[in-house]
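Chemist: Prediction below, plus the sequence it came from.
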Amino acid sequence: MASEGKPRILIGKPGLDGHDRGAKYVAHILRDAGFEVIYTGIRRTPEQIVEAAVQEDVAAIGLSLLSGAHNELFKRVLDLLKEKGASDIVVFGGGVIPEKDIPGLKAMGIVEVFTPGTSAKTIVETLERVLGSKAGQ
């Protein structure tokens, strides 16, 4: 993690989904709030996202998905983090995710899911709260 200031956050777009407007929006609002943000770009595998997160020593990974494969791809990222001994990295999600799927995602370990219309303030405040203990480490 960053040695001073707020923790580093990686934003990833797993799968074949090529729409990244939401991911870029979240990256920008988090940067504006003082987080160091790494955006991996579109069409990344869970393996590429986790490898980048470990190499960049991030505190959190934000996964953005519109394709409907969130249950499988988010779980794969969590499983890979565990395999790499990096399960302390917080994972949050966003995108077009049905409300009915959110409890299952949270049960598997996704700390929060931000759907379209979530305010920038809510996203920033939630991540500051969740990552607050990691700041400055």
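Modeler: Sure thing, it's come through. Numbers count the residues shown, from 1 in each chain.

Chemist: Please count neighbours and contacts with C-alpha atoms only from this point.
Modeler: Will do.

Chemist: Select the longest helix from the chain.
Modeler: The longest helix of the chain (DSSP state H) is helix 70-83.

Chemist: Quick one: name whatever helix or strand follows that one.
Modeler: Toward the C-terminus, helix 70-83 is succeeded by strand 90-95 as the next helix or strand (DSSP states H and E).

Chemist: Which elements pack onto that next one?
Modeler: strand 60-65, strand 113-114 (3 or more C-alpha pairs under 8 Å, 6 or more residues apart in numbering; DSSP states H and E).

Chemist: now the first one, how far from the centre of its chain.
Modeler: The offset between the C-alpha centroid of strand 60-65 and the centroid of the whole chain comes to 2 Å, using C-alpha atoms, centre = their mean, to the nearest Å.

Chemist: Might you list the low-confidence residue ranges for the chain?
Modeler: For the chain, applying pLDDT under 70 flags the ranges 1-4, 133-137.

Chemist: most neighbours per residue, which of the helices and strands packed on strand 90-95?
Modeler: strand 60-65 (a mean of 26; mean count of other C-alpha atoms under 10 Å).

Chemist: In contact with Ile110: list those residues for me.
Modeler: If you count contacts by C-alpha atoms under 8 Å, 6 or more residues apart in numbering, Ile110 has them with Phe74, Val90, Val91, Phe92, Gly93.

Chemist: Does anything pack onto the longest helix of the chain? Which helices or strands?
Modeler: helix 46-55, helix 102-108.

Chemist: Give me the contact list for that helix.
Modeler: With contact meaning C-alpha under 8 Å, 6+ apart, helix 70-83 is reached by 14-15, 46-47, 49-50, 63, 87, 89, 91, 93, 97, 101, 105, 108-110.
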